[in-house]
Each structure stands twice: as structure tokens, then as C-alpha cells.
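Trainee: no FASTA, just this:
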């Protein structure tokens, strides 16, 4: 089948190829039609695109019958829902709660949740299904966080002052975000570092010689992004104040 799109149709095909919003399948079909209209053989097109000659013919027929609409993905029939909505809701509800005390679990995994539902609630679902629900609902029960409560009655006011200083610093002022990385160990590995290779990531030996510790003071200039760092043998007020003066001096 020889396709001879008009100049306007050929331009539409090129715009379709250049668009970032179309799927790879649609772009592939557009390229097949465009190359066919340029007189390329179906065998050459199939070889260049890594597809079968039948796929080339099928795409050309769809375009001949329906134009650009024939290049779009055909709507797929929605499969019958295999798992009742009530079961999905139960999976989500249990995931959002800590495991019952009798399970001896600190958090759920897909397999332990599937096993619990089968044993205790008579619900049979695979751990693959639970993993899919977790992805769709953005649930990560394996993660844990930390928190700290302040007993300072003026804590909220102090936070507002600090945040305000970052958002709207006084004119001519230097705002530094300062942290101290204490007790950093100076380690010397007993074996050379193994670099990243095609089949493996970077590796280092677990054996090392400890050469003591050092205290790293670091400051980030939030306006310029410059980082200033300094190591000190001791961590005390005098060293910290000296570092602040050095950071502010420039």
C-alpha cells in the first residue's frame, strides 16, 4: 500500500513526531506512515524500527481508514474488578495502623499483611496486590521518623524569629546557617577503595585504623550558597566563637 499524504497531512505527521505529549507508540506509527509516504520499502522501515513487516502494514491500513485518529491507541476494555473495593479499603486501613500486639510485628510488610488477612480475616489477596495498593496510595509503612518536643514556652516565637531572619534578613546583615559535626572519626581503610564498575557499585573494606576524632564546624551562606568549613581538635565556646567570626568576616 502506497500512502501519499497531502502536504498538510505530512506536516501534521511531523508535528506529531515533534510533540512531547504523544506516546512512543503513536510517534512510531506516525514515523511509519511518513516514511512510507516518502517511498521507503516496508522491509526497510521494519528493519530500521525493529518491528515486523505486518506491523508496518497494519499501521498503514489504520491511517488510510481513519487518518491521524487511526494512529491513536485504541481504548482498552476495562477488565473485571477481581478484588472487591471493601478488601482494598481493608488493606489500606490496616496499613495505616500498627500491627496488632499478638503478631509480634513492629511494622507491616506486604507478605506479613497478606498472611494476616488470610489467617485472621479470611481475605485472600497476594502480596503483589498489596504492593500495588501501596504504590497507588503512596503508603510506606516500613519507614519511620523522629520527633522532639520542646518544653520552652517561647519556642514558637523563637521559631518565628529564626524563620523570619532567613526569609527577610536585615539590610547589610550576613545570615549564616551553622552546624557542628562533632566526633567525626578520621579512618584509614586497610585496603584500597574498589571503584564503581559496570556490574558492581563502589566497595570499601570494613576494616580500618582509627586515627582519632576531629570536630568539623561548617557554615552555609544562604544568600550565596558558599560553604565554609574548619576542623578543630576541641569543641568549646572559644573555638565556636572564633569560627563564627571567621565566617562573618568576608
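Mentor: That came in fine, so what should we check first? Since the structure is predicted, the reported quantities are computational estimates derived from the model, not experimental observations. Numbering: from 1, shown residues only.

Trainee: What segments of this protein are strands?
Mentor: 176-189, 208-221, 227-232 (DSSP state E).

Trainee: Could you list the buried residues of the last one?
Mentor: Under the neighbour-count criterion of 16 or more other C-beta atoms under 10 Å, strand 227-232 has 228, 232 buried. For glycine as for every other residue, the C-beta is placed from the backbone atoms N, C-alpha and C.

Trainee: Check stretch 30-46 too.
Mentor: Neighbour-count burial for stretch 30-46 flags 30-37, 42, 45-46 (criterion: 16+ other C-beta under 10 Å).

Trainee: Over to stretch 47-58?
Mentor: Neighbour-count burial for stretch 47-58, counted by 16+ other C-beta under 10 Å, picks out 55-56.

Trainee: List the contacts of it.
Mentor: With C-beta atoms under 8 Å, 6 or more residues apart in numbering as the test, stretch 47-58 has contacts from 1, 28, 31-32, 35-36, 42-43, 45-46.

Trainee: Make CSV out of the buried residues of stretch 30-46 and add distance to residue 10 and pLDDT.
Mentor: Output for the buried residues of stretch 30-46, formatted as CSV (distance: C-beta to C-beta, whole Å; pLDDT from 0 to 100):
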residue, distance to residue 10, pLDDT
30, 10, 85
31, 12, 86
32, 13, 88
33, 9, 86
34, 7, 84
35, 11, 86
36, 11, 86
37, 6, 83
42, 18, 85
45, 16, 87
46, 21, 88
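
Trainee: which one of those residues is nearest residue 83?
Mentor: Of all the buried residues of stretch 30-46, the one with the least separation from residue 83 (C-beta to C-beta) is residue 30, at 37.8 Å.

Trainee: Leaving out sequence neighbours, find the closest residue to that closest one.
Mentor: Using C-beta to C-beta, 6 or more residues apart in numbering and skipping residues adjacent in sequence, the residue nearest residue 30 is residue 16, 4.5 Å away.

Trainee: what does residue 110 give?
Mentor: Closest to residue 110 by C-beta to C-beta, 6+ apart is residue 127, at 3.9 Å.

Trainee: I'd say that neighbour and residue 117 touch.
Mentor: No - contact between residue 127 and residue 117 fails when scored by C-beta atoms under 8 Å: they sit 10.2 Å apart.

Trainee: between the two, who's got more neighbours?
Mentor: Counted by other C-beta atoms under 10 Å, residue 127 and residue 117 do not tie: residue 117 has more neighbours, with 18 against 14.

Trainee: who touches the more buried one in this structure?
Mentor: Per C-beta under 8 Å, 6+ apart, neighbours of residue 117: 90-91, 94, 123-125.

Trainee: Export the strands of the chain as TSV, with columns for distance to residue 158.
Mentor: Below are these laid out as TSV (distance: least, C-beta to C-beta, whole Å):
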stretch	distance to residue 158
strand 176-189	16
strand 208-221	20
strand 227-232	25
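
Trainee: ok, back up a step: so what's the residue nearest to residue 110 up against?
Mentor: So residue 127 contacts 110-111, 113-114 (C-beta under 8 Å, 6+ apart).
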